[in-house]
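> Pasting the sequence and the predicted coordinates here, then a few questions.
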Amino acid sequence: MAEPTSALTFYDLILRVAKAAECAYYGATGQERAMIPIEPEVLDRCKMVVNDAIRGFIAAAPVHGWRWRNRDMEVNLVRAYTGTATAGAAASLTDGGIAGDYANDFFNNYTLRITAGTGAEEYAVVTDYVGATGQFLFAALSGGSTPDTTSQYRICRSTQVIDSDPSRYLLTQDFQGELAGDITFKAESNACGIEWTSETDIRRNREIDITTGDAPFVAAIEPNAAKRRWELVVDPWPTGEHTVVFPYKAGFDNMSLVASTATGGGATSLTDTAMIGLYPDDYFNGQTIRILSGTGRTSYAVVTDYVSSTGVFTVADWLYQDGTAGGTNPAASSVYYLDTAETHPCGMQFDSAIVAACLAKAEEEFADVKRGYLEKYLSTDLPQAHAIDGRSAPRKLGRGRSGLMKREGDAVYYTQRGVVTYET
């Protein structure tokens, strides 16, 4: 039997709602396994039910709040690699000055940004790096420019870094700006002395542009409007690699998922003209396209580039369900969805309660769903979730030592015993 590894995904929860509401998709012939709806209005309705159900579950917390919301955020700070092109083409940039310094694929899947010269402020995701020549390969720069010997670039080996800027890091979606303590360097990071400040102070410091040491000493958080997420900003930017940690209260915004029908496909692409103009360039980069039905069923691939004006998703290769290369290429009428691998924020111990909350919300939203889901959720599943949360321990504990349990009113706490050394 497989061991549990994670909470239910957004896809899993939408599918359960769709089956309960009898609006699941069963393929063009109606004989395939149940899938999420592909009609936009029906899918949107199911997504709304799931998101509202999770918000309702979070709001129905015990008196002292959910313990599972207490989290520690870890952010890996990285250095920036910079240089100037010695050659360029529509889909590549070469820096002969670093030829032989880094292994093949060292920069694969990271974002390269042009900081000055031809193509300034344009960017691309590196699909391949040739170590022997210092050549970065990509689909195209975001603005369509061809880099040349005036093009200066910057790249960071992190998917959290924003705009290839090693002082800016995108935080996880469950962080909603609620800090719960100080920021520190993780143990054995070979750095110390970082504290919270305001984003305004960091901007003021940057006007002076002084770099001291290889680790930052102040940090701030601010909203990132482009991603509807929060970001961590540090100063000065690191010239070495370190990890910072800070406690926070996990929140919930919403989960998103896109499903549709392709209008074309090939060995390294999938096209959906119905998507034109709905999402910005590169919006789906890094997400996984999974073919649900039709040509290429069960094949999948990671998006390396998305072009809003054409609705074209670019991939390196289509893979079989087991991850091996050479999967079946999609074609017109292939049904697909973009998998962000998002799971509900509460943890897998609350899977049953979240499913119950979703079905209860479906009973409210869909007139034909009347099976006692709401009553079961309120009388059984929600109280059980409170009990599970009450028995849970913090996600990260200190040194484990035995202690004595004490009670004051409704509060229960432990006092640590002293360490006793016995001599023989």
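Sure thing, it's come through.

> Return the set of buried residues in stretch 38-47.
Ile38, Val42, Leu43, Arg45, Cys46, Lys47 (16 or more other Cβ atoms under 10 Å). Using the backbone N, CA and C atoms, a C-beta is placed for each residue, glycine as well.

> Is the last one in contact with Leu257, as I believe?
Yes. With contact taken as Cβ atoms under 8 Å, Lys47 and Leu257 are classed as touching, separated by 6.5 Å.

> so what sits against both of the two?
The contact sets of Lys47 and Leu257 overlap at Phe10, Ile14 (Cβ atoms under 8 Å, 6 or more residues apart in numbering).

> mind listing the strands for the stretch 1-150 of the chain?
Secondary structure of the stretch 1-150 of the chain, counting by DSSP state E, counting those that start in this stretch: strands at 70-77, 80-84, 87-89, 92-94, 111-116, 123-125, 128-130, 135-137.

> So which of the ones you listed is nearest Cys156?
Counting by Cβ to Cβ, Cys156 lies closest to strand 80-84 out of the strands of the stretch 1-150 of the chain; the figure is 5.2 Å.

> list the helices and strands that closest one packs on?
strand 152-156 (3 or more Cβ pairs under 8 Å, 6 or more residues apart in numbering; DSSP states H and E).

> between the strand it packs on and strand 80-84, how big is the angle?
Interaxial angle, strand 152-156 versus strand 80-84 (axes from the mean of the first three to the mean of the last three Cα atoms, to 10 degrees): 160 degrees.

> Give me the next element, helix or strand, following strand 152-156.
strand 161-162 (DSSP states H and E).

> Sheet partners, orientation included, of the helix or strand that that following strand is followed by?
Per DSSP H and E, the first helix or strand lying C-terminal to strand 161-162 is strand 165-170. Note on strand 165-170: by DSSP bridges, its sheet partners are strand 161-162 (antiparallel), strand 229-235 (antiparallel).

> Out of these, which is closest to Asp101?
strand 161-162 (20.3 Å).

> what sits up against that closest one?
Taking Cβ under 8 Å, 6+ apart as the rule, strand 161-162 contacts Val78, Thr111, Arg168, Tyr169, Leu170, Asn224, Glu231.

> one more time with 7 Å
Residues from elsewhere that reach strand 161-162 (Cβ atoms under 7 Å, 6 or more residues apart in numbering): Val78, Arg168, Tyr169, Leu170, Asn224, Glu231.

> Which one of those residues sits in the busiest neighbourhood?
Tyr169 (25 neighbours; other Cβ atoms under 10 Å).

> didn't that residue look like it was pressed against Met73?
No. Assessed by Cβ atoms under 7 Å, Tyr169 is found out of contact with Met73, at 10.0 Å.

> Okay, helices next: where are they in this structure?
With DSSP state H as the criterion, the chain has helices at 10-20, 40-59, 199-208, 351-365, 373-376, 382-391.

> rank those by pLDDT, which is bottom?
Note on those: helix 199-208 shows the lowest mean pLDDT, a mean of 81.

> With only the CA atoms kept, save that one in PDB.
What follows is helix 199-208, C-alpha atoms only, in PDB (Å, rounded to 0.1, in the frame of the first residue of the first chain):
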ATOM      1  CA  GLU A 199      10.500  48.200   2.200                       C
ATOM      2  CA  THR A 200      10.900  52.000   2.100                       C
ATOM      3  CA  ASP A 201      14.100  51.800   4.100                       C
ATOM      4  CA  ILE A 202      15.500  49.200   1.700                       C
ATOM      5  CA  ARG A 203      14.700  51.500  -1.300                       C
ATOM      6  CA  ARG A 204      16.500  54.300   0.500                       C
ATOM      7  CA  ASN A 205      19.500  52.000   1.200                       C
ATOM      8  CA  ARG A 206      19.600  51.100  -2.500                       C
ATOM      9  CA  GLU A 207      20.100  54.700  -3.500                       C
ATOM     10  CA  ILE A 208      23.500  54.500  -1.900                       C
END
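
> Same list, the buried residues of stretch 38-47, but as CSV with distance to Thr310 please.
Output for those, formatted as CSV (distance: Cβ to Cβ, whole Å):
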residue, distance to Thr310
Ile38, 21
Val42, 27
Leu43, 23
Arg45, 29
Cys46, 28
Lys47, 25
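
> Tell me how far Arg157 lies from Glu121.
21 Å (Cβ to Cβ, to the nearest Å).

> More neighbours: the two, which one.
A count of neighbours by other Cβ under 10 Å puts Arg157 above the other of Arg157 and Glu121, at 18 against 13.

> I'd assumed Tyr153 was in contact with Thr115.
Yes. If you go by Cβ under 7 Å, Thr115 and Tyr153 touch, sitting 6.4 Å apart.

> of the two, who's got more company?
Ranked by neighbour count (other Cβ under 10 Å), Thr115 and Tyr153 place Tyr153 first, with 25 against 18.

> Look up the closest residue to Glu121, ignoring the ones flanking it.
Ile114 (6.7 Å; Cβ to Cβ, 6 or more residues apart in numbering).

> whoops, I mixed them up, Lys361
Nearest to Lys361 is Ala53, by Cβ to Cβ, 6+ apart, at 3.9 Å.

> mind listing what that neighbour touches?
Contacts of Ala53 were listed using Cβ under 7 Å, 6+ apart, and they are Ala357, Cys358, Lys361.

> likewise Thr146?
Gly88, Ala89, Ala90.

> The first one contacts Ser145, doesn't it?
This means Gly88. No. In this structure Gly88 lies outside contact range of Ser145 using Cβ under 7 Å: 9.1 Å.

> Have a look at the two and say which one is more surrounded.
Between Gly88 and Ser145, counted using other Cβ under 10 Å, the more crowded position is Gly88 (25 against 18).

> Can you spell out which residues form a bridge with that one?
With DSSP bridges as the rule, Gly88 is bridged to Leu93.

> burial of the residue nearest to Glu121, as a residue count?
26.

> Test my guess that Ser76 contacts Thr243.
Just so we're on the same page, residue 76 is Asn rather than Ser. Yes. Using Cβ under 7 Å, Asn76 is in contact with Thr243, at 5.2 Å.
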